[in-house]
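In: This is a predicted model, with the sequence first.
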Amino acid sequence: MVLRPTGRDVKAIGWGIGRVVLGVGLLMTVPLLTSICCGEWDASLDFLVSALACLTFWLSMEVLCGRHEDLTWYQGMVVTSGGWLAATLLGAVPHWLSGHFSSYLDAVFDVMSGYTTTGLFLLQDLDHLSHGMNMWRHLLSYAGGQGIIVIALTFLFAGSSGALRIYVAEGKEERLLPNVISTSRAIWRISLTYFAVGVAFLWVALIREGMTAGRGFLHSTWLFMGAWSTGGFAPQALNLLYYHSFLVEVLTLGIFVLGSFNFALHFAAWSGNRREIWRNVEWRSFMVTLLTASLIMSVGFGKKGLYSDLIMYFRRGLYNLLSAHTTTGNSNVYSVSFLKDYGFPAMAAVMMAMAVGASACSTGGGFKNLRMGILFRSVRQDVRRILSPESSVVEEKIHHIKDTWLDDALVRGAAFIVLCYVVLYFAGGVLGSIFGYPPSVAFFDSISAGSNTGLSAGLVAPAMPAPLKVFYVFSMWAGRLEFVSVFALAGFLGAFLKGRRARGA
Amino acid sequence: MSSRPAFFLLACSLAVLLVSLLTGGYCLAQEGLSRGSEKWPEGDRISIRDLIENLEHYDGKVVVIEGEVVGDVMRRRGGAWITVNDDPYSERSLEEGGEFAGVTNIGIGVWIGLDMAEQIQVTGGYKSKGDRVRVVGVFHRVCREHGGDTDIHAVSLEVLEKGRPIRHALHWWKLLLAAFLSGVALILWRWRGIRRPKEIEQKLDLG
């Protein structure tokens, strides 16, 4: 029996969503200060108006809903999915005010792409965009990579017992430390340390490659945010192709590979447990899929014969393949090159890498290496069972921070999420084909959106049909939240319509 | 047991290396496919979109493009990189009040000599309209000199129109909106301040 949500449920959810939106408003102070420092007065007004809109929304929720710190699991799930939607709608205000979007839907598309670290964009005339707006685009992606809920947890939910529920609902199941607030803060510590080191390296590299110190600093900050979050945004329309630099490509590659690993793995390495890196099932799964994809790509490149030396293979092939596998989306080739220069086998390798994606509890998307590892071990277990005597007991375990025995619930959970992703990728591909795009392009971009990668074979453009834009927004959102909290939101809305009123409510 | 992870890592690394070497060898054997493209005499101006959509056709040919220099002039050893856009925004950007064209920017990297780089004074961005240039150069679908970039190596560069600053008018309605929202936020803040002590009182009563 489904119970209709009570007034207290609605108020608790409203309160939680208000806090998430406040977090977005506070984030806007960074691009606001950037615009002021760069003398971009009109852009700074855009951020002032938007931050005030977020503040007003939060205060309205506080006044209307009161204070509810003890969220239930159900409420936590709905706060997460609803919080993402509210944060997207309000986060799109500066985009819309910037005058670079032909519709509010386009602005929402870009913000969802940023939060979900996808990297697809419909913004027009990027090369004339203000520094403040560029800061906002990349900051969205950086914050989204850590999880906007993690931000809210770190600063706005301190001491709340509902914190764990919304943390888990954001697709992060692991706690590095016993307390979820401490875990969120540990994630920030790790990210900010890498940020300082990564920006310094990129800055030196960009100055060496001919940029001025000032622009080099801004570009290094944005490139780091885009790469570490596996968002793949860049401040110029040509993305990484703009820099024509092997050094910058090597650095960004290192950053997005690091960013795609599980925060728990980073934490284990930081705590001195370096052996974990080699034993971890996610790392092993990553290596196996990378190897398979690079083998397929090699065959494709060999048939085409365009990228004909190791440097080209590394820069045009492996770089984009790793960008796909880590679901980053940084690219140093034109969109049409995937279709025309790569050839079908290499393009299929990139699609496979995107679909599998990065690590669980990281900034990446896709099936996740952990689930692939679980499913592979499960298949191996079944094969071993068939080959063993009937009386023998065959068990399999996976190592991810600690050893875990495989059981049916674990395998079923992993298989269900993978199935959801497959359905999402397929639906987007079919829809794109219905709208007249070549199937290879439609499926490529659909997988890219659903796995939060951001590479495009040419479908995603401001002129794409509005229904496809809406589907892609949904695809990025559902893919990033790994479906469960999206189902919770759907259940919440369904319960409103069909649920029974609880006794005494 | 402890040697197994190390062995696995070593095996994977060796395999990736082996695949890369095999690919390199195989591709080198097929190099003839992409070499030997003829250079055509200077032709009419073509759009960058046309270039990108017909990579194979224009590969190795002399092309002429016209557009706005955006971003940076990145000086390196023996030359400099510039980016030239010829989309509708290179004529009139959105910051100047240009119309939406339904596209993102369309541009290409151009490798120019250091003497040519001296001619470029203004590059396009939020605050400026970049120099408008005419470039004659050789188009490379996959440039061997630059690690496989799709680029143009300029033979000549001419500045057609000097760049200029872009004036951004302050939108007063945004200031008014900010003032209005500040007022609403202030009222809500006061209201919240009045409500909270009442809530605490209620909780204490329940306790």
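Out: Right, received. Where do you want to start? Keep in mind that what you see is a predicted model, and the values were worked out from it rather than measured. Numbering: from 1, shown residues only, chains lettered A, B, ... in the order given.
In: Any regions of chain B where pLDDT drops low?
Out: Counting by pLDDT under 70, chain B shows low-confidence ranges at B:1-43, B:196-207.
In: As a check, name the ranges of all helices in it.
Out: Using DSSP state H, the helices assigned to chain B run over residues B:3-29, B:48-53, B:55-58, B:88-91, B:114-119, B:172-206.
In: And the stretch 101-250 of chain A, by the same measure?
Out: Under the criterion DSSP state H, counting those that start in this stretch, the stretch 101-250 of chain A contains helices at A:104-115, A:131-146, A:148-156, A:163-169, A:180-208, A:213-228, A:246-259.
In: which of the ones you listed sits most buried?
Out: helix A:131-146 (a mean of 26; mean count of other Cβ atoms under 10 Å in any protein chain shown). For the C-beta atoms, the positions are set from N, CA and C on the backbone; glycine is no exception.
In: and it with helix A:213-228, angle?
Out: Orientation note: helix A:131-146 sits at an angle of 30 degrees relative to helix A:213-228 (axes from the mean of the first three to the mean of the last three Cα atoms, to 10 degrees).
In: How about helix A:131-146 and chain B, touching?
Out: Yes. Contact of helix A:131-146 with chain B (Cβ under 8 Å from any Cβ of the partner chain) involves residue A:131.
In: For that helix, name the packing helices and strands.
Out: helix A:7-27, helix A:29-37, helix A:41-65, helix A:73-97, helix A:104-115, helix A:180-208, helix A:213-228 (3 or more Cβ pairs under 8 Å, 6 or more residues apart in numbering or on different chains; DSSP states H and E).
In: out of those helices, nearest to chain B?
Out: With Cβ to the nearest Cβ as the measure, helix A:41-65 is the member of the helices and strands packed on helix A:131-146 nearest chain B (3.6 Å).
In: Apart from its chain neighbours, what residue comes closest to residue 89?
Out: Reading this off chain A. Spatially, and ignoring its direct neighbours in sequence, residue A:89 is nearest to residue A:108 (6.6 Å; Cβ to Cβ, 6 or more residues apart in numbering or on different chains).
In: was after chain B, sorry
Out: residue A:125 (4.2 Å).
In: Could you report the distance from that neighbour to residue B:92?
Out: Applying Cβ to Cβ, to the nearest Å, the value for residue A:125 to residue B:92 is 10 Å.
In: Look up the residues that both of these two are in contact with.
Out: Residues touching both residue A:125 and residue B:92 (Cβ atoms under 8 Å, 6 or more residues apart in numbering or on different chains) are residue B:98.
In: neighbour-wise, which of the two wins?
Out: residue A:125 (27 against 14; other Cβ atoms under 10 Å in any protein chain shown).
In: does the more buried one really touch residue A:101, like I thought?
Out: No. In this structure, residue A:125 is not within contact of residue A:101 by Cβ atoms under 8 Å, at 10.2 Å.
In: if we can go back for a sec, what residues are up against the residue nearest to residue B:89?
Out: Residue A:125 touches A:100, B:87, B:89, B:93-95, B:98, B:104-105, counting by Cβ under 8 Å, 6+ apart.
In: Please identify which of those is nearest to residue A:416.
Out: residue B:104 (36.9 Å; Cβ to Cβ).
In: How many residues are close by the closest residue to that closest one other than its chain neighbours?
Out: The spatially closest residue to residue B:104, leaving aside those adjacent along the chain, is residue A:237, at 5.4 Å (Cβ to Cβ, 6+ apart). Residue A:237: 26 surrounding residues under other Cβ under 10 Å.
In: Pull up the gap between residue A:237 and residue A:459, please.
Out: Residue A:237 is 17 Å from residue A:459, where distance means Cβ to Cβ.
In: Equivalent analysis for residue A:394, please.
Out: For residue A:394, the distance to residue A:459 - Cβ to Cβ - is 45 Å.
In: on that earlier part again, my read is that the residue nearest to residue B:104 contacts residue B:105, right?
Out: Yes. Assessed by Cβ under 8 Å, residue A:237 is found in contact with residue B:105 at 3.7 Å.
In: any residues in contact with both of the two?
Out: A:126-127, B:85.
In: Count the residues that sit near residue A:379.
Out: Counted by other Cβ under 10 Å, the residues lying close to residue A:379 total 12.
In: I should have written residue B:145 there, sorry.
Out: The tally of other residues near residue B:145 (other Cβ under 10 Å) stands at 11.
In: what residue ranges in chain A score low on pLDDT?
Out: A:1-2, A:68-69, A:147-181, A:361, A:502-505.
In: Look up the closest residue to the closest residue to chain B within the stretch 401-505 of chain A, ignoring the ones flanking it.
Out: Distance from chain B to each residue of the stretch 401-505 of chain A (Cβ to the nearest Cβ) is smallest for residue A:463, at 4.2 Å. Nearest residue to residue A:463, sequence neighbours excluded (Cβ to Cβ, 6+ apart): residue B:102, at 4.2 Å.
In: Am I right that that neighbour is in contact with residue A:464?
Out: No. Using Cβ under 8 Å, residue B:102 makes no contact with residue A:464, being 9.5 Å away.
In: what about these two, which has more around it?
Out: residue A:464 (20 against 13).
In: which residue packs closest to residue A:268, ignoring adjacent ones?
Out: Closest to residue A:268 by Cβ to Cβ, 6+ apart is residue A:276, at 4.1 Å.
In: quick one: the longest strand out of those in chain B to helix A:213-228, angle?
Out: Of all the elements of type strand in chain B, the one with the most residues (DSSP state E) is strand B:62-76. In terms of direction (the same axes, to 10 degrees), strand B:62-76 departs from helix A:213-228 by 100 degrees.
In: Near chain B, which residues of the stretch 351-500 of chain A are found?
Out: Residues of the stretch 351-500 of chain A lying near chain B (Cβ under 8 Å from any Cβ): A:461-463.
In: Distance of residue A:229 relative to chain B?
Out: For residue A:229, the distance to chain B (Cβ to the nearest Cβ, to the nearest Å) stands at 21 Å.
In: Settle this for me: that residue is touching residue A:117, isn't it.
Out: Yes. Because the distance of 4.8 Å satisfies Cβ under 8 Å, residue A:229 is recorded as touching residue A:117.
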